[in-house]
Structure formats: C-alpha cells, structure tokens
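below are the sequence and a predicted model; questions follow.
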Amino acid sequence: MPGEAYERAVAQCLSRTDDLTRRTAWLLAVLGERATHAGPAELLGVSRQAGERSLRALHDMGLLAHGRFRHEAGRTAVLRRAEPPRSARLEARVAQVLYEHGAPATALARHLVAAETVDAPWALPVLLEAAEAALARDEVGTALDCLRVARDSCADERQLLEVRLALVRAGWRVDPSAAVRHLSALTDAAQAGRLTVRAMKALVGHLLWFGRADDALEVLRIVEQEQEQEQEGEGVARGRRWIRCGSGSRTGIRGWRGSTAPRWPRARIAVRRQVAGPPTCRPSRRPSSARWP
C-alpha cells in the first residue's frame, strides 16, 4: 500500500514539471471522477493543445492512465502535497463543476472561500449551509470565512441581513465585542419590518446578552404584532370553515374565539423582569414559565 514515501515521490515529480502541469494535476485530483465531464483546458483557461500537453506529461510520469489517476493514492498525494494554484477564477470554476455534480456544501465552500466572490445564485445558500455545519463542529474560523464571502457576494438586502445575523451568532463565540457592531443595523431592519419572526427572536437573545434591553423589548413588541396578525388570519380562516360547514353551535364559536385570543409571550415577561430587577414582593409558589422557547 503506497504511503509517505510514495507521496514524497509524487511531490518531487510534480516539482520538476511546469506550472500548467502542476495545476492540471491539482485540478484532476480535486474533481476526481467529475473530471471526465469537464475539460481541464477549459477550466484552466488555456488552449486545448496546452491542456493535452500537460495531460500527456502526467501520463508519462506514470501518475495518470486513460485520463485518470492510476491509483487513488496518487490523487491523495496530489491533494496533500501539491500547492493549490492561487487563482480565484479557477477556484470559482471548480466550485461550479462540483456544484453541478452534487458535491456537498462543505466541499464547495473551500473553493468558494478561495474564490472570494462568486456571482452564482446557488453560492449563498451553500455558504450558509457550510457555515452552519462548521459551527456544529465548533470550527468557528471556517464558519466566519464562509459568512464573510457570503456577505461580500450578497446583493439582496434581505439575504444580507440573514448573513449579518449569522455573523453575529458565529462571531460571538470568538469575540463578542466584534459581533456587537451588527446589532444596530439588525435592530433597524427589525423595526422596518425586514426581518422574519424567527430572525427577530434570535436577535432578541443577542440584544439581551449585550444589555440592550430596551431594543430587545421593542423587537419583541414587533414579534408580538406579527404573531397576533398570523393568529388573526388563522382565526378568520377557521371561522370561514365553520360557516361553510354550517356549524353555528355556541360550543364551536367559543372554541374558535378562544383559539384566536392573543397570548402574552413568555419571553416578554422574562425581559420585563430583567429590566425591572428582582421582585420586592414575595414570589408566587407557582413555578415560573418565563423562559425563552
């Protein structure tokens, strides 16, 4: 089984070749089986003749056979030993090919980050998914790299707000003081109705952590309004269904009206208690349910 010595031999052979041949080897190693569907010359931005010469050189050194790596260990050696070409354009092309052939978000993100900016509609969801996966593995640096590229590549305002919120959540783990700079813009967006209810609930937690209780209460008020409107809409639709069914029973009407009555969010009670400070009266014996859901 090829090991460390084989990898060093591959690296030495590649070091004696020209730059195009090394880039071709790296490209074939990254694409793997997908390389058969994409011409290296086109991806590398060179002529067909130049691409064929580099492929022939890799065949002559015994690394390739019939356009593929002769042994999987050769591909692994190139990935480990060969220095990736410093070409944002090539990285973006590789990401496009990998995306078209169903590569996972984590594999795509490495090339999107190296490409720095990618003008493709699929890039932003991929970067956000990769950032979420990196946070789950506690790889905060990787998550921040993905989110910065997502921010710089994003042209849609709503999507940019989503990225900002993700940056706050990720950046808080390494430097809470750096994450605070996004809060004002996110609070303004919430007040202008440009954030979803889910995003506003997440924002409330960050505002409270930084001691901005007044802003948290204001955002919670907007959340309440949104939820009440949704409940009213659901109640009207439910009432129409009752009318269509011909049900005029008092029990049915009471059930419908009771189900649409607005409820005081437990989160708001928690915020008010934090703002007001510890209670001066004797606490109730009933267990408190004021927790953020």
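Looks like it arrived, so ask away. Numbers count the residues shown, from 1 in each chain.

what helix or strand is the closest residue to M61 other than its chain neighbours on?
In space, and not counting its chain neighbours, M61 is closest to C13: 5.1 Å by C-beta to C-beta, 6 or more residues apart in numbering. (Each C-beta comes from the backbone N, C-alpha and C, glycine too.) For C13, the enclosing helix or strand under DSSP states H and E is helix 4-15.

now the strands for this protein?
With strands called from DSSP state E, the chain shows them at 64-65, 68-69.

determine which stretch of those is the most buried.
Between these, strand 68-69 has the highest mean count of neighbours, a mean of 18, where neighbours are mean count of other C-beta atoms under 10 Å.

show me the contacts for the closest residue to W172 other than its chain neighbours.
In space, and not counting its chain neighbours, W172 is closest to A179: 4.5 Å by C-beta to C-beta, 6+ apart. For A179, the contact set (C-beta atoms under 8 Å, 6 or more residues apart in numbering) comprises L167, V168, R169, G171, W172, H206.

can you add neighbour count and give these back as JSON lines?
Formatted as JSON lines, the entries for the contacts of A179 read as follows, by neighbours: other C-beta atoms under 10 Å:
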{"residue": "L167", "neighbour count": "22"}
{"residue": "V168", "neighbour count": "24"}
{"residue": "R169", "neighbour count": "20"}
{"residue": "G171", "neighbour count": "20"}
{"residue": "W172", "neighbour count": "18"}
{"residue": "H206", "neighbour count": "22"}
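
give me the low-pLDDT residue ranges for the stretch 1-150 of the chain?
1-3, 34-39 (pLDDT under 70).

what about E52, how many residues close to it?
Applying other C-beta atoms under 10 Å, we find 13 other residues in the vicinity of E52.

quick check, it in contact with A41.
Yes. When contacts are counted by C-beta atoms under 8 Å, E52 is listed as touching A41 (7.4 Å).
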